[in-house]
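Engineer: Below are the sequence and a predicted model for it; my questions follow.
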Amino acid sequence: MQIRNEDESIVWIVNQAGHDYSSSESFGRNLALSVGNIDPFRVDRRAYDICSAIGLYTKKDDYLLLSGAPILNGLAFAAWLRIHNTVNLLQWHAKRREYLLSTFDADQLDTQLQNAIERRSQKV
């Protein structure tokens, strides 16, 4: 199954559920990891589908657009970071009416977490 042209960037929407995502197309072509309403307390099947799609089809330079249930966004973020070590995250800025890009690196997050753990252990 061919998802993309070789040089094409994809914006992976965590949960496509009725919003207009067209302004994110300046980053790449939109594809949904899941569609429709989701019960946030029964996400096992959706988590499997999202993790499978991220593992099989995403590239490091693609984008992850947060949308839908927070639990699915968290799962998608964690899976993406684990596979690619970096995530290009798109978040909607309501006042500016546009998607803003934030890039997270797993190594930087690990360093920040280790520093926090060391500070906590010094207080004990």
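Structural biologist: Yes, it's here.
Engineer: tell me the phi and psi of D20?
Structural biologist: phi -90, psi 110 (degrees, to the nearest 10).
Engineer: Quick one: residues in contact with stretch 48-56.
Structural biologist: W12, V14, L33, S34, L72, L75, A76, A79, W80, I83 (Cβ atoms under 8 Å, 6 or more residues apart in numbering). Where C-beta positions appear, they are placed from N, C-alpha and C, glycine not excepted.
Engineer: Could you tell me which of those residues count as buried?
Structural biologist: Burial by neighbour count, 16 or more other Cβ atoms under 10 Å: within the contacts of stretch 48-56 this picks out W12, V14, L33, S34, L72, L75, A76, A79, W80.
Engineer: Return the residues in contact with the second one.
Structural biologist: Going back to what we said before, that points to V14. Contacts of V14 (Cβ under 8 Å, 6+ apart): L33, S34, I50, L64, L65, L66, S67, G68, L72, N73, A76.
Engineer: follow-up on the earlier one: among the contacts of stretch 48-56, pick out the one closest to D105, please.
Structural biologist: W80 (11.9 Å; Cβ to Cβ).
Engineer: list the helices and strands the helix or strand containing R82 packs on?
Structural biologist: Applying DSSP states H and E as the criterion places R82 in helix 70-84. Applying 3 or more Cβ pairs under 8 Å, 6 or more residues apart in numbering; DSSP states H and E, one finds that helix 70-84 contacts helix 44-57, strand 63-65, strand 86-93, helix 106-123.
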